[in-house]
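Undergrad: Structure for this input, please:
(one chain, ligands or ions: 1)
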Amino acid sequence: MQHSAPEDGEAGLLLARAIENDRVHSGYLLTGPNAAGTRVALGFVRALVCESGSGRACEACGSCRKSQQAETAEGTPAAIVLDGKGKRGPTYRHVGDHPDLLYVARGADDTRITIGQIRDLQGALRLRGFDGGRRAAILDGAEWLNASAQNALLRILEEPPPRTTLVLVAARPTAVLATIRSRCVRVRLPADPEAGLRDPETPAETSELVALLDGLPGRSVSQILDAAEAYRGSRAEAAEAVTKLIDVSGDWLRERVTAQALGGERPTLRALDAHRSLQKLRRDLVQRNANPQMVAERLLFGLRDAVA
Ligand SMILES: [Zn+2]
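TA: Residues are numbered from 1 along each chain as shown. Below you'll find the predicted structure:
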């Protein structure tokens, strides 16, 4: 069984609506923590071929039964293991044993998704005649595509076979060629609430932001203005970076409030207000086109005061 976890809500809803309205794009790029991305991508492609057309996998139709993934003893979907060089195993797999759902990831022993895997995928997409149904391929960990594999993938995206959808999952969207990104609908996934801000696996980008936030109480006005200077430049990139800052700040605040609660303290009103302010800053940035650097300044000053 493959269910979307509740925290996948907004992204899951967006994808479900695309199916319901029969407006499915030929390329999607899901960005966020890899485990969440894989889960959402699997749920999405299963829903794509579900006979109910409801936007969710109904789990009852023939198609859903085919696309069900084997489970581990813990009841989570078993990992799909591949051999990128195709020597000891296939270079791609199916989701469950559904013939129209393909899955590509790094081979178990590989550091990259190889061009051979993309060629095999392209062959598989060409091979199967068009019978009117939808088809989809997941590229899990798309940041591990090497340059030639990315170019091969770009050619598929430039001339996608009919009713075929490629779903790229990447933790770091900037590792994917801009030409690929521009052909995909971007879907951002919220940070995994289970993933800590201070784990060994925490990405460096996140750790740097955590260090910035940790240091806020002692920062002067000019130091904070300096820190916000990092969010100058092209609006698209700066806005993306500030969105990340807002995400990490939300997790960081939650961590503080949880720590206070565990220590028997009641969360301060200021901390709760700071949460609301973050949501407002996000709206300003996304809906009102606010200047990213200004948003970063307001966020950093606001958080400094909230935790003072
Ligand atoms: Zn179904």
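Undergrad: Have a look at the chain and report its longest helix.
TA: helix 235-262 (DSSP state H).
Undergrad: which other helices and strands contact it?
TA: Helix 235-262 is packed against helix 204-214, helix 269-286, helix 292-307, with contacts defined by 3 or more Cβ pairs under 8 Å, 6 or more residues apart in numbering; DSSP states H and E. In short, each C-beta sits where N, CA and C put it, glycine included.
Undergrad: Which positions in the stretch 1-150 of the chain make contact with the ion?
TA: Residues of the stretch 1-150 of the chain lying close to the ion by Cβ under 5 Å from the ion are C50, S52, C58, C61, C64.
Undergrad: let's see it at 8 Å
TA: Neighbours of the ion within the stretch 1-150 of the chain, by Cβ under 8 Å from the ion: 46-47, 49-52, 57-65.
Undergrad: Not including adjacent chain positions, what is the nearest residue to V307?
TA: Spatial nearest neighbour of V307, excluding adjacent residues (Cβ to Cβ, 6 or more residues apart in numbering): P217 at 5.9 Å.
Undergrad: Any of the residues of the stretch 1-150 of the chain next to the ion buried? List them.
TA: Taking 16 or more other Cβ atoms under 10 Å as the criterion, what is buried in these is R46, A47, V49, C50, A57, S63, C64.
Undergrad: Now, the residues of the stretch 1-150 of the chain next to the ion that are in helices?
TA: Judged by DSSP H, those include R46, A47, V49, G62, S63, C64, R65 as members of helices.
Undergrad: was I right about the fifth one contacting G53?
TA: No - using Cβ atoms under 8 Å, S63 makes no contact with G53, being 10.5 Å away.
Undergrad: List the contacts of the residue nearest to V307.
TA: Residues counted as contacts of P217 (Cβ atoms under 8 Å, 6 or more residues apart in numbering) are R304, V307, A308.
Undergrad: Format those residues as CSV; extra columns: neighbour count.
TA: Converted to CSV, the contacts of P217 look like this (neighbours: other Cβ atoms under 10 Å):
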residue, neighbour count
R304, 19
V307, 17
A308, 8
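Undergrad: any weak-confidence spans in the protein?
TA: Applying pLDDT under 70 to the chain picks out residues 1-9, 34, 71-81, 83-86, 88, 128-131, 191-195, 201, 267.
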